[in-house]
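Colleague: Model the structure of this input:
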Amino acid sequence: MHAPRISSKKRFLAALACLLPTLGVAGTASATGMQGHIYMAQCAAEQVTEPRLRALFDAHLNDLSNGAFFPDSGYTAEDHDQGEIPHWEQYVQGYVELIRSRYGDKPLENPDAATHVAFLMGLAAHGITDSTFDSLLYERADQVDPGDMDTFDMAMDIFLVHDHPRYYLPEIAVDTETQSEIFEQKIAHPVTPDAIKKAMSTARSGIFLVAEYLYIGADEYGAKFPWARQSLRDPRTPGGYPFGARVTMGYYREILRRLDGNSSADGVVIGAYPDEAYPLATLDNTRPDGRIVLFFGEGMDRATIDDAVVTVRDDAGTVVPTKASVYRGDKWANVLLVTAQEPWKAATKYTATLHKSIKTLAGVSPTEDIVFPFTTCTPDSPGGDCAAQAGPPPASPCPKLDEAYSMRPEDVPPEEEEPPPPTNVNPVAEQESGCTAAPARRETNAGSLLALAGACVALVARRRGRPS
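Modeller: I've put the predicted structure just below:
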């Protein structure tokens, strides 16, 4: 006879208290969680129409999904840079070069390259959606939501899993030897295949915990981040998941160009805020969503970036004083912030021009200036600001993905007796990973969660910082 079962809610709270020091992050943490990255990579993949990419994603969704959580998996390792490095364009470019050297000048024509190309697209999606999310939604939430931002990334995954709801758990598929080769030969930062394997297993356990258990705390986190919860999946929100997927579609296009050996920079801008789909949310030039943000599909030469690289004019042709800066301090930067030095005027058409003097790190410039028109809002009252979003959000841009969500089984009634913990675990044995792997779905209970929490002391112990 087993002891009477404690209510699932009480066990959840106990498990959550145990897990927060490890699932939570250091004070410099930011970004969305791993489920969010997988979602945006898949949402972007659903929307592509290029035939080769369409066939790739239809056949290799699990490889794409593994790439989408691969960068953050490295933060579970003792070496923080195992997680930091794959977020940036240097790693993306190294992977492009390795694929081309191994599989030829047209790697998408080689079936043996497909798993690597899909994995590459996923990890690239992770890096760019950190930037779309952090530069706009995260920084705005930091201004308006009352919660401690140290737990923001986990809260975003909890909202995604709970509110839709979403249960998705990819099977681990990573060529650890190849990733180790990129670290050593392209980055000069050795990481062993075993370290990569262990990190991916630990990260997958974190995805499992949120999807199976921690989503129960959605309302608790909702009180801390009410604006972010409401805005996260709204296609009207700058930096939200549909916005990130939209920019990622452009990144897929440009990475395909690079895999094909095409050095053109004419399509190098993969996304911009504001634009016709995402109008400027405010007239306040000091807000994060009161800036112009340009996203690039390749690392840009910082020597060609200064305050004059973008010119902004109003509808009278008057130049608006602006300051240009690279978002985050990475050498291989691919995000540019343009901050007006005065408030935006209401109901005014502006034009931002990116001059063709800018260069990629390959030394290539666009053949023409790239122009981004946008119009500011008309406030409800003179001297006011843009009205907040109202009404139901538009339809999802990735309906097939959303329809594929699955409901979880009903909780066992709280007074039922608790069965013994499961003996089967998936995907790897404890001795291989250093952290008990995620139990198979439907074979778990709150007791096994507590056991898992005790083992996963390194789970998501570190996340990427926020360099200036």
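Colleague: The stretch 151-300 of the chain: strands as residue ranges?
Modeller: Ranges of strands within the stretch 151-300 of the chain are 269-273, 292-296, based on DSSP state E, counting those that start in this stretch.
Colleague: Tally up the residues packed near the spatially closest residue to Leu354 that is not a sequence neighbour, please.
Modeller: Nearest-residue entry for Leu354: Ile370, 4.4 Å, with adjacent residues in sequence omitted and distances by CB to CB, 6 or more residues apart in numbering. (Glycine included, C-beta is placed from N, CA and C.) Neighbour count for Ile370, taken as other CB atoms under 10 Å: 19.
Colleague: Next: the one 4 residues further on.
Modeller: Using other CB under 10 Å, Phe374 has 20 neighbouring residues.
Colleague: Could you do Gly363 as well?
Modeller: Count around Gly363 with other CB under 10 Å applied: 10.
Colleague: for the closest residue in space to it that isn't next to it in sequence, what are its contacts?
Modeller: Among residues not flanking Gly363 along the chain, Asp301 sits closest, at 7.3 Å (CB to CB, 6+ apart). By CB atoms under 8 Å, 6 or more residues apart in numbering, Asp301 lies in contact with Ile358, Lys359, Thr360, Leu361, Gly363.
Colleague: Quick check: the second one touching Ser365?
Modeller: Going back to what we said before, that points to Lys359. Yes. The pair Lys359 and Ser365 qualifies as a contact (CB atoms under 8 Å) at a distance of 5.0 Å.
Colleague: Those two: who's more crowded?
Modeller: Using other CB under 10 Å, the more surrounded residue of Lys359 and Ser365 is Lys359, with 19 against 16.
Colleague: distance of the nearest residue to Tyr221 once chain neighbours are set aside from Asp163?
Modeller: Excluding the flanking residues, the one nearest Tyr221 by CB to CB, 6+ apart is Ala155, at 4.0 Å. Computed as CB to CB, to the nearest Å, the Ala155 to Asp163 distance reads 11 Å.
Colleague: hang on, the earlier thing: shouldn't the residue nearest to Tyr221 be in contact with Gly147?
Modeller: Yes. Ala155 is in contact with Gly147 according to CB under 8 Å; the separation is 7.2 Å.
Colleague: Which neighbours do these two have in common?
Modeller: Tyr221, Lys224, Phe225.
Colleague: which one among the residues you listed gets closest to Cys43?
Modeller: Closest approach to Cys43 among those (CB to CB): Phe225, at 21.1 Å.
Colleague: so who does the residue nearest to Tyr221 touch?
Modeller: Applying CB under 8 Å, 6+ apart to Ala155 gives the contacts Gly147, Tyr221, Lys224, Phe225, Ala228, Arg229.
Colleague: what about Ala55, distance to Ala245?
Modeller: Separation of Ala55 from Ala245 (CB to CB): 19 Å.
Colleague: Between these two, which is the more surrounded one?
Modeller: Neighbours per residue, other CB under 10 Å: of Ala55 and Ala245, the larger number sits with Ala245, 26 against 12.
Colleague: Give me the spatial nearest neighbour of the more buried one, chain neighbours excluded.
Modeller: Nearest non-adjacent residue to Ala245, counting by CB to CB, 6+ apart: Cys43, 3.8 Å away.
Colleague: And Gly297, by the same measure?
Modeller: Spatial nearest neighbour of Gly297, chain neighbours left out: Glu254 (2.7 Å); criterion: CB to CB, 6+ apart.
Colleague: how many neighbours does the one you found have?
Modeller: Neighbour tally, Glu254, other CB under 10 Å: 22.
Colleague: Please report the distance of it from Ala387.
Modeller: Remark: distance between Glu254 and Ala387 (CB to CB) = 35 Å.
Colleague: what's the answer for Lys356, then?
Modeller: 37 Å.
Colleague: Surely Asp163 touches Arg229?
Modeller: Yes. With contact defined as CB under 8 Å, Asp163 and Arg229 form a contacting pair (7.3 Å).
Colleague: neighbour count winner among these two?
Modeller: Using other CB under 10 Å, the more surrounded residue of Asp163 and Arg229 is Arg229, with 23 against 15.
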